[in-house]
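In: all I have is the shape, not the residue letters:
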């Protein structure tokens, strides 16, 4: 059976203040490094055959800590980068709700059919992420694949491989620095 071990990146200073990172490259903070080390420790006894990370430093740092624990090399993939939030990147959630009220409400209600201004749609991100992860799965049958990525990316992976409604992604978000195993079959 093929298994996906999905790990959400550790915390950054922007997580703490609800500032939207999106595709901006924000590094882990001290708490993020500690949560990455905790995930690596928890995964120490879990067999990992290959490990992939987004190209953003918060993901790569988290993945590097896990890869080091398993004495493995990791592969970066831009397809695993977080959704580009366009004009919302760098703003706090409160600022977005105030400046872009209608777009934000629409995006939360129907994420698959709307997008942040000048950003990437959830549909575009879904196609990018799922196509890439499916190729990895196809090439690694009956292996355990670790993917270290971001909040929306992991939610999209879960939607696809667990047959969940993509419009429900807001209810299946994971906390920074956490991981879970998805059985592919």
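Out: Sure thing, it's come through. All of these numbers come straight from a predicted model, not from anything done at the bench.
In: which residue ranges form the helices in this structure?
Out: 13-16, 30-42, 57-69, 93-99, 101-109, 122-139, 151-161 (DSSP state H).
In: report the distance from the first one to the chain centre.
Out: In this case it means helix 13-16. Here helix 13-16 is found 16 Å from its chain centre; the criterion is CA atoms, centre = their mean, to the nearest Å.
In: what about stretch 90-98, average pLDDT?
Out: When pLDDT is averaged along stretch 90-98, the result is 97.
In: just use 274 as the starting number from now, easier for me
Out: All right, first residue 274 from here; so that's stretch 363-371.
In: quick one: residues in contact with that stretch.
Out: For stretch 363-371, contacts defined as CB atoms under 8 Å, 6 or more residues apart in numbering pick out 290-293, 297, 361, 372, 377. Placement of C-beta: from N, CA and C, glycine included.
In: can you tell me which of the residues you listed has the most neighbours?
Out: By neighbour count, taken as other CB atoms under 10 Å, the most surrounded of those turns out to be residue 361 (24 neighbours).
In: for residue 372, see how far away that one is.
Out: Plainly put, residue 361 is 9 Å away from residue 372 if you go by CB to CB, to the nearest Å.
In: try residue 320
Out: In this structure, residue 320 and residue 372 are 47 Å apart, going by CB to CB.
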